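Colleague: fold the following.
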Amino acid sequence: MADRRGIAGLGGITLALAVLAPLGGCTSGAGEEVAEAVRKVDAARLVHLSASERVDPSQPVTVTAEPGSLLTDVTVVGPDGRVVAGKLADDQRSWQTTGRLKAATAYTVRIAADDGKGGRGETTAGFSTLAAQRLLTAKLGPDSSGTGLYGVGQPLTVQLSEAVKDPQARQEVERGLTVTSQPAVTGAWYWVDDKNLHFRPEEYWPAGTTVGLAFEATGSRISDGLYGGDRAALALRIGERVETVVDAAAHQLTVKRDGRVLRTIPVTTGRPGFDTRNGVKVVLGQERKVRMNGETIGIAAGTEDSYDLDVEWATRVTWSGEYVHAAPWSVGSQGIENVSHGCTGMSTENAHWFYQNTRVGDLVTVVNSLGKGMEPFGNGFGDWNVGWGDWVKHSALGQPVSTTAPATRAPATGMIAPQL
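Modeller: Residues are numbered from 1 along each chain as shown. Below you'll find the predicted structure:
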């Protein structure tokens, strides 16, 4: 009778295989060649699993064969039917998981072995992983549930379910994040705060790039009691390179597509006291019509600066309410002077054209304004205003990432009312 025992391996559980003595061979009739059929053997020497011997999901599980025996197949399957990746040693004496295990999960191990003497057998074992005290999950952005098509300035974002402060734990988070692209680019992660990370290339995304982002830290130990939770992934495409430059001193806006000027438009930007922010911004969203009310940015109703209007063809570039939009009331000042409350205003026809020729992720750069610079974070995507060297320093791993080819949040509305 086969002995049943469990053997603890380094950092995981080892499943030990044994095979019984070969059975007698079969022969054909007299004068015929002797043919030995494949004999079934008992491959069952299973792991002993007790409540106190559950597997740490961050550690590998190993299957080994007894001397003289070989492993012919090992499969580890979770309750959802997903197979955990693994690798068989060149000598077929051992097998080890390379894929990630989930915490608090029961797994089935199917093992096939050869005793080296013509005998083969199969057996099934099982193990369970330790429950995590806490699971870290990730919300990935941008939302690619629509067309999934973005401009060349669109950063990738990760919002963690809880704060991660320890430098080593942050490194584990970054190791669990995979960015793929075709063509490949050099990029890096930036920890905006304890729960939010952004990824951008050193240069803008090449036009036509396909991009994938995945959180694949399932089962990984992030810190004491904190393990990676369920996998999350998204895919998006980058469109043509559309760049807009707003020259506040010249009172004009120029739109380029793939380096070719499409249109130069007379505009008005923020007047003194409401100066438009300088710097590179990224289109956050577009609204066919939006209600703009000055009270929401601290302008008292009934005062000289107050306003309450329905505005058409509005392209948002900051969360605090800076837009490029139709301003038919200021056509007489467009191209001549700055009279707005911070937005870039133009004729209705030009605003409609601009709306139709830009998308989320496109670049809008303001120059020669008397206003302060665009914030890197918190009021939209000012990521491109951070120098590359400084950007890389804010990665927990402290180094750029070279993407490889991919395998196969949409902005909230009704936030802070816009500036006019």
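Colleague: measure stretch 110-126 end to end?
Modeller: 9 Å (Cα to Cα, to the nearest Å).
Colleague: actually stretch 58-72, not the one I wrote
Modeller: For stretch 58-72, the end-to-end distance is 26 Å (Cα to Cα).
Colleague: chain center to it, what's the gap?
Modeller: The chain centre lies 35 Å from the centre of stretch 58-72; the measure is Cα atoms, centre = their mean, to the nearest Å.
Colleague: and if you look at stretch 83-97?
Modeller: 29 Å.
Colleague: and it, which residues are buried?
Modeller: Buried residues in stretch 83-97, defined by neighbour count with 16 or more other Cβ atoms under 10 Å: 84, 86, 88, 93-97. From N, CA and C alone the C-beta is placed, and that goes for glycine too.
Colleague: now swap in stretch 160-168 and tell me
Modeller: Neighbour-count burial for stretch 160-168 [16+ other Cβ under 10 Å]: 160, 164.
Colleague: and the buried residues of stretch 83-97, which is closest to Leu135?
Modeller: Val84 (18.0 Å; Cβ to Cβ).
Colleague: still on that earlier bit, just the buried residues of stretch 83-97 now: which is nearest Phe215?
Modeller: Distances from Phe215 to the buried residues of stretch 83-97, taken by Cβ to Cβ, are shortest for Val84, at 17.6 Å.
Colleague: quick one: the closest one from Tyr107, how far?
Modeller: 7 Å (Cβ to Cβ, to the nearest Å).
Colleague: shared neighbours of those two, anything?
Modeller: With contacts defined as Cβ atoms under 8 Å, 6 or more residues apart in numbering, the residues shared by Val84 and Tyr107 are 76-78, 101.
Colleague: quick one, helices of the chain?
Modeller: Using DSSP state H, the helices of the chain run over residues 167-175, 348-356, 388-393.
Colleague: I'd like those laid out as JSON lines, including distance to Val158 and mean pLDDT.
Modeller: Shown next, in JSON lines, are the helices of the chain (distance: least, Cβ to Cβ, whole Å; pLDDT from 0 to 100):
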{"stretch": "helix 167-175", "distance to Val158": "8", "mean pLDDT": "97"}
{"stretch": "helix 348-356", "distance to Val158": "30", "mean pLDDT": "98"}
{"stretch": "helix 388-393", "distance to Val158": "15", "mean pLDDT": "98"}
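Colleague: now render those helices as CSV, adding distance to Ile265.
Modeller: What follows is the helices of the chain, written out as CSV (distance: least, Cβ to Cβ, whole Å):
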stretch, distance to Ile265
helix 167-175, 42
helix 348-356, 5
helix 388-393, 31
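Colleague: okay, now the unreliable bits of the stretch 251-400 of the chain?
Modeller: 293-300, 302, 304-308 (pLDDT under 70).
Colleague: switch to 50 and redo it
Modeller: Across the stretch 251-400 of the chain, nothing is flagged by pLDDT under 50.
Colleague: centroid-nearest residue for this structure?
Modeller: What sits nearest the mean C-alpha location of the chain, by Cα atoms, centre = their mean, is Leu213, with 3.5 Å.
Colleague: picking up where we left off before, out of the helices of the chain, flag the one nearest Trp191.
Modeller: Of the helices of the chain, nearest to Trp191 by Cβ to Cβ is helix 167-175, at 6.4 Å.
Colleague: re the thing from before, would you turn the buried residues of stretch 83-97 into a markdown table with pLDDT?
Modeller: Listed next are the buried residues of stretch 83-97 as a markdown table, based on pLDDT from 0 to 100:
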| residue | pLDDT |
| --- | --- |
| Val84 | 94 |
| Gly86 | 95 |
| Leu88 | 93 |
| Arg93 | 87 |
| Ser94 | 89 |
| Trp95 | 91 |
| Gln96 | 91 |
| Thr97 | 93 |
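Colleague: specify which member of those is nearest to Thr318.
Modeller: For the buried residues of stretch 83-97, the nearest to Thr318 is Val84 (45.1 Å; Cβ to Cβ).
Colleague: am I right that that closest one is in contact with Val63?
Modeller: No: with contact defined as Cβ atoms under 8 Å, Val84 does not reach Val63; the gap is 11.9 Å.
Colleague: shared neighbours of those two, anything?
Modeller: Common neighbours of Val84 and Val63 (Cβ under 8 Å, 6+ apart) do not exist.
Colleague: would you confirm that Phe354 contacts Met346?
Modeller: Yes: between Phe354 and Met346 there is a contact under Cβ under 8 Å: 7.1 Å.
Colleague: tell me, what's touching these two both at once?
Modeller: With Cβ under 8 Å, 6+ apart, Phe354 and Met346 have common neighbours 253, 265, 324.
Colleague: which one of those residues is nearest Val164?
Modeller: Using Cβ to Cβ, Val324 comes nearest to Val164 of the shared contacts of Phe354 and Met346, at 36.4 Å.
Colleague: wait, that closest one touches Val364, no?
Modeller: Yes: contact criterion Cβ under 8 Å: Val324 and Val364 qualify, at 6.6 Å.
Colleague: shared neighbours of these two, anything?
Modeller: With Cβ under 8 Å, 6+ apart as the test, Val324 and Val364 both reach 244, 246, 315, 317.
Colleague: of these - the most surrounded one?
Modeller: Val317 (30 neighbours; other Cβ atoms under 10 Å).
Colleague: separation between it and Tyr150?
Modeller: 15 Å.
Colleague: what about the strands in the stretch 301-420 of the chain?
Modeller: For the stretch 301-420 of the chain, the strands defined by DSSP state E, counting those that start in this stretch cover 308-316, 323-326, 344-346, 363-367, 401-402.
Colleague: can you name every helix or strand that the last one contacts?
Modeller: In this case it means strand 401-402. strand 186-191 (3 or more Cβ pairs under 8 Å, 6 or more residues apart in numbering; DSSP states H and E).
Colleague: so the strand it packs on versus helix 167-175, what angle?
Modeller: Angle of strand 186-191 versus helix 167-175, following axes from the mean of the first three to the mean of the last three Cα atoms, to 10 degrees, is 140 degrees.
Colleague: show me which residues of stretch 214-234 are buried.
Modeller: For stretch 214-234, by 16+ other Cβ under 10 Å, it's 214-223, 226-229, 231-234.
Colleague: whoops, I mixed them up, stretch 179-196
Modeller: Buried residues in stretch 179-196 (16+ other Cβ under 10 Å): 179-181, 185, 187-192, 195-196.
Colleague: kindly report the same for stretch 58-67.
Modeller: 58-66.
Colleague: in CSV: those residues, plus distance to Arg271 and pLDDT.
Modeller: Shown next, in CSV, are the buried residues of stretch 58-67 (distance: Cβ to Cβ, whole Å; pLDDT from 0 to 100):
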residue, distance to Arg271, pLDDT
Ser58, 58, 83
Gln59, 63, 85
Pro60, 64, 88
Val61, 67, 90
Thr62, 70, 90
Val63, 73, 89
Thr64, 76, 87
Ala65, 80, 86
Glu66, 84, 84
